[in-house]
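In: Coordinates for the following, if possible.
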Amino acid sequence: MGRHTARSSIKNISMDNKHKILIAVGDGAEVLDTMVPYYRLGEDYQVVIAAPEVDSYNLVIHELAAGWDITQEHQGYHIESDIAFKDVNPDEYVALVLPGGRAPEYLRYDNDLIRITKIFFAENKPLASICHGIEILGLADIIRGKRVTTIPKCRFDAVICGAIYVDEPVIKDGNLICARGKKDISAWMKEFVKMIEDFVNT
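Out: Next up, the predicted model:
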């Protein structure tokens, strides 16, 4: 471990499924956006956490609070990455998840993550985004002309990158599935699991 000494107690150690799914994280990734997919997809697949480096990262909790016009941010869990973006071979994975939180604000400038995202999209592999994850899709230039959703305050990020913004809980367009935010995670995962099942069974 490099920057942090705290080790995660929340990771699933099962790594025996032949189908692997990638979740991209960094400091400031939202706890629920990350951990719900991690555990739900981990029921049937090998879930691999990718980040800028192999290290421990700080997840955060965003919560509406009285007297605030924006969400408050609180420290969440630590999560350890399994692989650095630069070492990811997309051929080894069947799907990619881009959680929200503040992490996408800087992860979108990681050239290796953008490379990975473009490959998943081009190869028609299931690609899921929630909340600020749209910022990564936008910089990867893969949402032009696509119907997407995201948290309302990120609508600009979608529209400026040529997407068609729809204010609905979950939007599926081809191999891309987007959700607005935490309240939509159940519906998002339900549809995403179907997409993955269809992909691996074709």
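In: CA only for contacts and neighbour counts going forward, please
Out: Fine.
In: where does the protein dip in pLDDT?
Out: 1-17 (pLDDT under 70).
In: Would you check how far apart the residue nearest the centre of it and Lys194 are?
Out: For the chain, the residue nearest the mean C-alpha position is Leu98 (1.5 Å; C-alpha atoms, centre = their mean). Look at Leu98 and Lys194: by C-alpha to C-alpha, to the nearest Å, they are 17 Å apart.
In: do the same with Lys183
Out: For Lys183 relative to Lys194 (C-alpha to C-alpha), the value is 19 Å.
In: Equivalent analysis for Ser81, please.
Out: In this view, Ser81 and Lys194 are 26 Å apart by C-alpha to C-alpha.
In: These two: which has the busier surroundings?
Out: Shown here are Ser81 and Lys194; by other C-alpha atoms under 10 Å, Ser81 has more neighbours (24 against 11).
In: So that one sits against Ile49, correct?
Out: Yes. With contact defined as C-alpha atoms under 8 Å, Ser81 counts as touching Ile49 (4.8 Å).
In: what is in contact with these two at once?
Out: When contacts are counted by C-alpha atoms under 8 Å, 6 or more residues apart in numbering, Ser81 and Ile49 are jointly contacted by Val25.
In: Give me the residues contacting the helix or strand containing Phe199.
Out: Assigned by DSSP states H and E, Phe199 belongs to helix 185-200. Applying C-alpha under 8 Å, 6+ apart, the contact partners of helix 185-200 are 33, 36-37, 40-41, 94-95, 125-126, 128, 169-170, 175, 177-179.
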